[in-house]
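K.L.:
Here's my sequence, what's the structure:
(2 chains)
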Amino acid sequence: MSGTFIGMPAFPEAAREAVGNRTLRRNLRHATHTIRAKRAKAVAEVSDWAALREAGRQIKDHTLRHLDRYLVQLEESVTAAGGTVHWAADAVEANRIVAELVKATGESEVVKVKSMATQEIGLNEALEAEGIRAYETDLAELIVQLGKDRPSHILVPAIHRNRGEIRDIFRSEMGAWGRPAPEGLTDTPAELAEAARLHLREKFLRARVGISGANFMVAETGTLVVVESEGNGRMCLTLPETLISVVGIEKLVPTWRDLEVFLQTLPRSSTAERMNPYTSMWTGTTDAETADGPRTFHLVLLDNGRTDTLADQVGRQALRCIRCSACLNVCPVYERAGGHAYGSVYPGPIGAILSPQLRGTQSEIDASLPYASSLCGACYEVCPVAIDIPEVLVHLRERVVQGGPVTRAGNKVVLKPAKGHAAERAAMRAARWAFGHPGALRTGQRIASRSRRFHPRTLPGPGRAWSASRDLPPVPAEPFRDWWQRTHVTGRGAGAGSAGDQASGHDQGDGK
Amino acid sequence: MRVALFLTCINDTLYPDTGRAVVKLLTRLGVEVDFPLTQTCCGQAHYNTGYRHEAEPLAVKFSDVFREYEAIVTPSGSCGAMVRELYPRLGERARAEGRGDVLAATLAPVVPKTYELTEFLVDVVGVTDVGAYYPHTVTYHPTCHGLRSLGLGDRPRRLLQAVKGLELVDLPGAEECCGFGGTFALKNSDVSAAMGADKVRNAESTEAEVLCAADNSCLMHIGGTMTRLGVGMRPVHIAEILASTEEEPLV
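P.N.:
Okay, here's the model as predicted:
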């Protein structure tokens, strides 16, 4: 993935900073709560939502199961329609292919449609190193690019910015990239949009090479689909002579008809619209002199960890993702930590299961991401392709603490347990032992009860993580089991609901 | 009907009042309840922190302790969800690891007969008015695993609405997680604390005297945040409210 994120601190440290940033908290709270409510309303309108969700899950699972076959079919369809297909195993290969294709046109600048795949591989930086300037044309991506910032949301990359901050970025940065912001620009949405429109229009009219991703690729026809709100994507897809699309291999659907499901679930889940304003679909190239659209079309199929992810029985469901970002908008952790803390172009719950699979769990940030969740399950509930994100999070936690077999770059390897979990592992083992021996548990409970007057209000060491913000509950004079034994077992019938004569009425615990 | 109380390790150790309340309530409703003393922990903390293999012997032990009962009742949404949702998954994963069907077969009997308390009251006993009396203003926080894993729906609210003297007020942002999340509270303590503080502020805005939930682990986090922030509300488990009567009120 993008080099921008290498060396990120683990999630808890990055999140601590975000939690303390009042402006960021306010921006994110406002934005996520607004879209959350709108999505709920848009979804509630659809009477067969549950069936659509299940259909989406099944189409994606079926496609992933037969991905090898459908990818070859796609290559044949795209080639037959006049396009050229390139296969990229990783980010380096994909970036090299794109740079060479751009250079072959003789151009030194490109316009870009908003695309997660090109963010993932760090394409803009790679092109810059080759002397090619990439202009982001999605409004929010433009804000991020002008602000020398990083995206913090899949759909709304500048969600962490408010209108005032955007006006300041436009005023100070637009001039260096092209047409400057109009004099006296205010922070009203209409004026900000107009400034972006004027700035971008000259880029659209000048560009000879466009770069995009795709929301879907249809194997049977070779058609690519981009779903967007602004129309800027369509400008990039239709005006340049050469179009290069970089698309993750999991974006495939077998048939045209399958789009029927996703074109209903994606807009409602992401922008809470019944239908998004612009849906662009293209199949290969147009060759007649008079026809519209690019004359040359290249499709770069990107793996970059996807085949490895597909090899994992539990984790592979992450590849169903259609990048709607409903899980981000509903996530209480994302709302407070912000997107940057996830150290990836894929933030939020989906990022927490996608990044450690695509990149592996070796780095500090990737090993911490599976824990960036309270497992509240709100993400799973809203996911339009039913990715059980909590299940995958727990699965990846296991991978971090236990290690085990994984697939990396197509090879089976056995991971060692991550460092830094030794104390926790010992504690978990000790707890398992105590819980396996009720007598030991009871002894511990009694010691806690009898020493309760001496318990401090705050804890030292790792316990500080609790007591820095929360008081400890008082320990009762006796645990429940002692009360039960006193009133229900010893002497029998000391209260209603007598234990009867079950064998379980005896404590078999002492050290067994 | 032979009903076992699976109290959970947290309640046993820190919240015996909740256990006593469940016994009192079920007994009042004519349910004979037993507390098998060999019970300990369902293994949820192990499982959710990534120690699935450490959770397995605890799940097996749970099955050994409880399998002969006709129903297993627990006053915890998350521990109930561990048995109902995640025990079958333990079995599936063991099978996928080539360890056969033994674990799945061992755990299968306890899965369908484990009930969260409010579920047991409404679905099995068939009551919503349990004859309780609790003259206080209460707001209810549906805890995540009860809400989303078990699908408790409006059962807890229906039980509370039938309590004499109780005024139930809506909690803003009720379905948002309180930020406990087991070891999440320690591993991501800043985010956890921020979520907890927001939950407490929302609860405070209702001007209720009591914040009620059906899971003491969440209440431990919310209650600990309340006292730290100096908010004068009380966190109370739903079992204690439902056990309270005019003759023997909870004070």
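K.L.:
top helix in the chain by residue count?
P.N.:
In the absence of a named chain, this looks at chain A. Using DSSP state H, we find that the single longest helix of chain A is helix A:22-44.
K.L.:
that's the other chain; I wanted chain B
P.N.:
Longest helix in chain B, counting by DSSP H: helix B:189-205.
K.L.:
Quick one: low-confidence residue ranges for chain B.
P.N.:
Along chain B, segments meeting pLDDT under 70 span B:251.
K.L.:
For it, which segments count as strands?
P.N.:
B:3-5, B:33-34, B:71-74, B:114-116, B:137-140, B:167-169, B:210-213, B:234-237 (DSSP state E).
K.L.:
Export these as JSON lines, with columns for mean neighbour count.
P.N.:
Bear in mind the C-beta positions are built from the backbone N, C-alpha and C, glycine included. Below are the strands of chain B laid out as JSON lines (neighbours: other C-beta atoms under 10 Å in any protein chain shown):
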{"stretch": "strand B:3-5", "mean neighbour count": "24"}
{"stretch": "strand B:33-34", "mean neighbour count": "23"}
{"stretch": "strand B:71-74", "mean neighbour count": "24"}
{"stretch": "strand B:114-116", "mean neighbour count": "26"}
{"stretch": "strand B:137-140", "mean neighbour count": "22"}
{"stretch": "strand B:167-169", "mean neighbour count": "15"}
{"stretch": "strand B:210-213", "mean neighbour count": "24"}
{"stretch": "strand B:234-237", "mean neighbour count": "22"}
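K.L.:
and stretch A:164-176, C-alpha only, in PDB?
P.N.:
Coordinates of each C-alpha in stretch A:164-176 appear next as PDB, following Å, rounded to 0.1, in the frame of the first residue of the first chain:
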ATOM      1  CA  GLY A 164     -13.600  26.900   6.900                       C
ATOM      2  CA  GLU A 165     -10.600  24.600   6.600                       C
ATOM      3  CA  ILE A 166     -11.500  23.800   3.000                       C
ATOM      4  CA  ARG A 167     -11.800  27.500   2.100                       C
ATOM      5  CA  ASP A 168      -8.300  28.100   3.600                       C
ATOM      6  CA  ILE A 169      -6.800  25.200   1.600                       C
ATOM      7  CA  PHE A 170      -8.400  26.500  -1.600                       C
ATOM      8  CA  ARG A 171      -7.200  30.000  -1.000                       C
ATOM      9  CA  SER A 172      -3.600  29.100  -0.200                       C
ATOM     10  CA  GLU A 173      -3.000  26.100  -2.500                       C
ATOM     11  CA  MET A 174      -5.100  26.200  -5.700                       C
ATOM     12  CA  GLY A 175      -2.800  28.700  -7.400                       C
ATOM     13  CA  ALA A 176       0.200  26.400  -7.200                       C
END
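K.L.:
quick one: buried residues of it?
P.N.:
For stretch A:164-176, the neighbour count (16 or more other C-beta atoms under 10 Å in any protein chain shown) marks A:E165, A:I166, A:R167, A:I169, A:F170, A:R171, A:E173, A:M174 as buried.
K.L.:
Chain A versus B:E54, what's the distance?
P.N.:
5 Å (C-beta to the nearest C-beta, to the nearest Å).
K.L.:
Spit out the contact partners of the residue nearest in space to the middle of chain B.
P.N.:
Centroid-nearest residue in chain B, with C-alpha atoms, centre = their mean: B:S76, separated by 1.4 Å. By C-beta atoms under 8 Å, 6 or more residues apart in numbering or on different chains, the contact list for B:S76 reads B:T8, B:I10, B:N11, B:E116, B:A214, B:D215, B:N216, B:S217.
K.L.:
Who wins on neighbours among those?
P.N.:
B:A214 (32 neighbours; other C-beta atoms under 10 Å in any protein chain shown).
K.L.:
Among the contacts of B:S76, which one sits closest to chain A?
P.N.:
Nearest to chain A among these, counting by C-beta to the nearest C-beta, is B:N11 at 6.7 Å.
K.L.:
what's near enough to touch that closest one?
P.N.:
Applying C-beta under 8 Å, 6+ apart to B:N11 gives the contacts A:F480, B:T18, B:G19, B:P75, B:S76, B:N216.
K.L.:
check contacts around the residue of the stretch 101-250 of chain B found nearest chain A.
P.N.:
Distances between the stretch 101-250 of chain B and chain A by C-beta to the nearest C-beta are smallest at B:G181, namely 2.8 Å. With contacts defined as C-beta under 8 Å, 6+ apart, B:G181 is in contact with A:S373, A:S374, A:L375, A:C376, B:N188, B:S192.
K.L.:
What's the separation between the second one and chain B?
P.N.:
Same thing as A:S374. When distance is defined by C-beta to the nearest C-beta, A:S374 is 3 Å away from chain B.
K.L.:
A:I159 too?
P.N.:
17 Å.
K.L.:
helix/strand/coil for A:R432?
P.N.:
Recorded secondary structure, A:R432: helix (DSSP: H, G, I helix; E, B strand; the rest coil).
K.L.:
The nearest residue to it once chain neighbours are set aside: how many residues sit nearby?
P.N.:
The spatially closest residue to A:R432, leaving aside those adjacent along the chain, is B:E54, at 4.6 Å (C-beta to C-beta, 6 or more residues apart in numbering or on different chains). By other C-beta under 10 Å, the residues close to B:E54 number 22.
K.L.:
looking at it, B:E54 is touching B:G43, isn't it?
P.N.:
Yes. Using C-beta atoms under 8 Å, B:E54 makes contact with B:G43 at a distance of 7.4 Å.
K.L.:
what residues are shared contacts of the two?
P.N.:
A:R432.
K.L.:
okay, A:Y380: pLDDT?
P.N.:
Looking at A:Y380, its pLDDT is 98.
K.L.:
which residues touch it?
P.N.:
Counted by C-beta under 8 Å, 6+ apart, A:Y380 has contacts A:A386, A:I387, A:D388, A:I389, A:P390, A:E391, B:R148.
K.L.:
how close does the first one sit to chain B?
P.N.:
To tie it back to what came earlier, the one meant is A:A386. Using C-beta to the nearest C-beta, A:A386 is found at 13 Å from chain B.
K.L.:
what's the neighbour count on that residue?
P.N.:
18.
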